[in-house]
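Participant: Fold the following.
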Amino acid sequence: MSASRVAIVTDSTADLPPDLAAARSITLVPLTLHFDGRSLLDGVDITPAEFYRKLPSATTHPTTSQPSPGRFAEMYTALLKEHEAVVSIHISEKLSGTLASARQAADMTDPKRVHVIDSEVVSMSLGLLVLVASSLAQQGLDAAAVESRIVEMKPNFHTYFSVATLEFLRRGGRIGRASALLGSVLRVKPVLCIRDGLVTPLERVRTFDRALNRVIELTREVDRGKGLCLIVGHADAQADAERVGSALEPIADTLMIQPLGPVVGAHAGPGVVGVGCYPADLFPLGIKPAAQAAASAQRPA
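Facilitator: Predicted coordinates for the structure are as follows:
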């Protein structure tokens, strides 16, 4: 790909594969995972596979922290030497202090050339939003046009998921409106969404299998007849994620199945499966597993 005028930045909670991000010239700024007495950069010092393998034997609950404004400022300064502007898209402000750090860094560097956007989502939907932004930048749009298009598209992005337990969301303080489900006497599985930047309960069903079926049904309802761009995310639940992906493949313009990174996994807990999606007629990405692999193969050595 030719170099664009606009650099695209996101944080590691977008849960994008590093190879795909590199192939699409997306800069990932990692959050920090505090785990078993160590501070680890998300996706850099610890991979999803390592995290989920070690989580059951952890002596304390993992915690997380946002990148410092200084880390963002350093990144913005370097990118502005090569690009006219930066568009920086991040996890919902209501879920993390990451956006505040990015805004502070923009003020520290060049606020007129650094455009910071609250995605109001996380993980799968954030990844999709960033992929759209990178495509717009590659088409030659300036930063204001990329920002305008992303803000316009945001309401059409949907995130549906279910968790094996609400305990991780509760401990990490990210439970949002789903706190209403705590203490239920029934052994139910929640169907959740991200709405207005918060974790929000939609339904309660009796089994995790039924919860996944509802996630599939809700995702299908987003389709406007032209298919969907979607990412299926999971925390150490590959088989369940593949089942969801197989069910949605017939209507997918874009389909990726991704492990949730350690920071998102620390808050969602093992076993979570979810979908981020938007109607493909808004902006088809055309990424399927084969295309994703090809994009990774094109990464310069």
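Participant: contacts, neighbours, all on C-alpha from now
Facilitator: Will do.
Participant: and residue 35, what does it touch?
Facilitator: 58, 60-63 (CA atoms under 8 Å, 6 or more residues apart in numbering).
Participant: and the gap between the closest residue to residue 223 other than its chain neighbours and residue 139?
Facilitator: Leaving aside its sequence neighbours, residue 223 sits nearest to residue 279 (CA to CA, 6 or more residues apart in numbering; 5.6 Å). Separation of residue 279 from residue 139 (CA to CA, to the nearest Å): 20 Å.
Participant: Comparing the two, which shows the higher neighbour count?
Facilitator: Higher neighbour count among residue 279 and residue 139: residue 279, with 25 against 13, using other CA atoms under 10 Å.
Participant: what about the residue positioned nearest the centre of the chain, distance to residue 267?
Facilitator: Closest residue to the average C-alpha location of the chain: residue 123 at 1.7 Å, with CA atoms, centre = their mean. For residue 123, the distance to residue 267 equals 12 Å [CA to CA].
Participant: which residues touch residue 60?
Facilitator: 35-36.
Participant: and it, that one's in a strand?
Facilitator: No. Using DSSP: H, G, I helix; E, B strand; the rest coil, the secondary structure at residue 60 is coil, not a strand.
Participant: And the residue nearest to the residue nearest to the centre of the chain when sequence neighbours are not counted, how far from residue 105?
Facilitator: Spatial nearest neighbour of residue 123, chain neighbours left out: residue 14 (4.3 Å); criterion: CA to CA, 6+ apart. According to CA to CA, residue 14 and residue 105 sit 19 Å apart.
Participant: more neighbours, these two?
Facilitator: Set residue 14 next to residue 105 and count neighbours by other CA under 10 Å: residue 14 wins out with 27 against 24.
Participant: what's the pLDDT at the more buried one?
Facilitator: With respect to pLDDT, residue 14 has a value of 98.
Participant: and it, what does it touch?
Facilitator: By CA under 8 Å, 6+ apart, the neighbours of residue 14 are 90-91, 122-127, 130.
Participant: Report the separation between the nearest residue to residue 93 once chain neighbours are set aside and residue 216.
Facilitator: Leaving aside its sequence neighbours, residue 93 sits nearest to residue 99 (CA to CA, 6+ apart; 5.7 Å). For residue 99, the distance to residue 216 equals 30 Å [CA to CA].
Participant: These two: which is more packed in?
Facilitator: residue 99 (26 against 20).
Participant: re earlier: mind listing what the residue nearest to residue 223 touches?
Facilitator: Neighbours of residue 279 in contact, by CA under 8 Å, 6+ apart: 156, 222-224, 226-229.
Participant: Which residue ranges of the stretch 1-150 of the chain form helices?
Facilitator: Secondary structure of the stretch 1-150 of the chain (DSSP state H, counting those that start in this stretch): helices at 18-23, 48-54, 69-80, 98-108, 123-138, 143-153.
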